[in-house]
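K.L.:
show me the folded form of this:
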Amino acid sequence: MKSSTKQGVKILSTGSAVPHMSLNNNQISDIVETSDDWISTRTGIKERRLLTGEQKSIIDLAIVASRNALDKISMNPSEIDLILLATSTPNDLFGSASQIQYKIGAINAVAFDLTAACSGFVLGLVTASQFIQTGSYNNILVIGADVLSKWVDWSDRGTCILFGDAAGAVILQSCPYVDNSILNFQFNTDGTYASHLSIPYKESHQPHVLLNIYQGSFHPIYMNGREVYKFAVSQVPLSIVKCLNALNMSTDDINWLLLHQANERILNAVADKLSIDNHKIIANLSKYGNTSAASIPLALDEALEEKKISDNDIVVIAGFGAGLTWGTIVVRWKELQLA
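P.N.:
Model (predicted):
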């Protein structure tokens, strides 16, 4: 513990990475029975990026995104105290964060994985902020990265059209509490509906001949799209309103709405329920599809590169997905600047 005084948290820098290979809707129509019009009108997705031979694992993407964030502020990796990797597709089932720690040279950082699928980055951001606010750490790298192309059944039209691969990263730093940027958060989980979106483990029918142990493997992504849509559109607006109410704020105070990039219809429906103009929605899923834990930090990094977000803007961030788990963070944006 470095301090007993509650610290503020600011987002110091962002970075992102996507694979080089792009797969558009017309190309997917050569794989499964579909069309560009069918996909784009139902999802808003036009293309997605896939991890192939030149970048062999999630670690490659996460390293690029992390170095991008570090380079923007000329921060030495040795200054990072903690690395959180939000992913559901690690390169190693025991976790991949430690490999990232080693390869970027963050020699002083503790590193571990956090698994919460499409809500993973939001949970990682709040987890990191708690470590900073209690004075445990000063500089934390939070990465959201997934390579769901490796877990898609490419004969299943309902899922293979949706997902892409990417990584996004942010660096959080402690600051005086009066300058705190993470204003509030709100989380929920309802395991009743966990089966609606999962990568299920299935045991074999025959046990080991001597040990009577059943072994198996993980199956491709399963998703009940109708139920996931209903869940997101009904629960995410409630989470946002609850989070804002605790701050005595309203949806009128929102400058930007940054939701998990799952489906354009979901983004528009949530904004509509909150009476938020569509021009306040940050969206890039047309280019990348649903990149799970990477979607929010990737969209945030691009929005900042495009100079959409200004100093003191209120950015409402909401993640939702497998678990089913969902959550909201309210951020007062502070212009990026050197530590």
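K.L.:
please make it C-alpha for all contacts and neighbour counts, starting now.
P.N.:
OK.
K.L.:
distance check, the residue nearest to Cys175 when sequence neighbours are not counted against Ser174.
P.N.:
Distance criterion CA to CA, 6 or more residues apart in numbering; nearest residue to Cys175, sequence neighbours excluded, is Gly8 at 4.8 Å. In this view, Gly8 and Ser174 are 6 Å apart by CA to CA, to the nearest Å.
K.L.:
between these two, what contacts are shared?
P.N.:
By CA atoms under 8 Å, 6 or more residues apart in numbering, Gly8 and Ser174 have these common neighbours: Ile132, Gln133.
K.L.:
these two: who's more crowded?
P.N.:
Between Gly8 and Ser174, counting by other CA atoms under 10 Å, Ser174 is the more crowded of the two (26 against 22).
K.L.:
could you say which helix or strand holds that one?
P.N.:
strand 165-175 (DSSP states H and E).
K.L.:
next SSE downstream of that strand?
P.N.:
Moving toward the C-terminus from strand 165-175, the next element (DSSP H and E) is strand 182-189.
K.L.:
got a list of contacts for that next one?
P.N.:
8-10, 126, 129, 239-240, 242-244, 246-247, 323-332.
K.L.:
from the residues you listed, which land in strands?
P.N.:
Per DSSP state E, strands hold the following members of these: Gly8, Val9, Lys10, Thr325, Trp326, Gly327, Thr328, Ile329, Val330, Val331, Arg332.
K.L.:
tell me the secondary structure for the residue nearest to the spatial centre of the chain?
P.N.:
Note on the chain: the residue nearest the mean C-alpha position is Ala293, at 2.5 Å, using CA atoms, centre = their mean. Three-state call for Ala293 (DSSP: H, G, I helix; E, B strand; the rest coil): helix.
K.L.:
go ahead and confirm it touches Ser119.
P.N.:
Yes - at 6.3 Å, Ala293 counts as touching Ser119 under the criterion of CA atoms under 8 Å.
K.L.:
pLDDT weak spots in the stretch 51-200 of the chain?
P.N.:
54-55 (pLDDT under 70).
K.L.:
just the helices in it please.
P.N.:
Remark: helices assigned in the stretch 51-200 of the chain by DSSP state H, counting those that start in this stretch are 58-72, 97-104, 120-133, 157-160.
K.L.:
CA atoms of the first one as PDB?
P.N.:
What follows is the C-alpha trace of helix 58-72 in PDB, where atoms were taken according to Å, rounded to 0.1, in the frame of the first residue of the first chain:
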ATOM      1  CA  ILE A  58      -3.900 -12.200 -29.000                       C
ATOM      2  CA  ILE A  59      -0.600 -11.400 -27.400                       C
ATOM      3  CA  ASP A  60       0.700  -9.800 -30.700                       C
ATOM      4  CA  LEU A  61      -2.400  -7.500 -30.900                       C
ATOM      5  CA  ALA A  62      -2.200  -6.600 -27.200                       C
ATOM      6  CA  ILE A  63       1.400  -5.700 -27.400                       C
ATOM      7  CA  VAL A  64       0.900  -3.400 -30.300                       C
ATOM      8  CA  ALA A  65      -2.100  -1.700 -28.500                       C
ATOM      9  CA  SER A  66      -0.100  -1.300 -25.300                       C
ATOM     10  CA  ARG A  67       3.000   0.100 -26.900                       C
ATOM     11  CA  ASN A  68       0.800   2.500 -28.900                       C
ATOM     12  CA  ALA A  69      -0.600   3.800 -25.600                       C
ATOM     13  CA  LEU A  70       2.800   4.000 -24.000                       C
ATOM     14  CA  ASP A  71       4.500   5.800 -26.900                       C
ATOM     15  CA  LYS A  72       1.800   8.500 -27.000                       C
END
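K.L.:
report the angle between that helix and strand 165-175.
P.N.:
40 degrees (axes from the mean of the first three to the mean of the last three CA atoms, to 10 degrees).
K.L.:
which elements pack onto helix 58-72?
P.N.:
strand 8-17, helix 97-104, strand 139-147, strand 165-175 (3 or more CA pairs under 8 Å, 6 or more residues apart in numbering; DSSP states H and E).
K.L.:
hmm, 6 Å instead?
P.N.:
strand 8-17, strand 165-175 (3 or more CA pairs under 6 Å, 6 or more residues apart in numbering; DSSP states H and E).
K.L.:
turn those into JSON lines, including distance to Pro200.
P.N.:
What follows is these, written out as JSON lines (distance: least, CA to CA, whole Å):
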{"stretch": "strand 8-17", "distance to Pro200": "28"}
{"stretch": "strand 165-175", "distance to Pro200": "20"}
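K.L.:
most tightly surrounded among the ones you listed?
P.N.:
Mean neighbour count (mean count of other CA atoms under 10 Å) peaks for strand 165-175 among the helices and strands packed on helix 58-72, with a mean of 28.
K.L.:
contacting residues around that one?
P.N.:
Here strand 165-175 makes contact (CA atoms under 6 Å, 6 or more residues apart in numbering) with 8-18, 49-50, 61-62, 65-66, 132, 138-147, 291, 294, 297-298.
K.L.:
go with 7 Å
P.N.:
With contact meaning CA atoms under 7 Å, 6 or more residues apart in numbering, strand 165-175 is reached by 7-19, 49-51, 61-62, 65-66, 69, 132, 138-149, 291, 294, 297-298.
K.L.:
need the outlier residue of this protein, farthest from its centre.
P.N.:
Max radial position in the chain (CA atoms, centre = their mean) goes to Leu210, at 43.2 Å.
K.L.:
give me the phi and psi for it.
P.N.:
phi -100, psi -40 (degrees, to the nearest 10).
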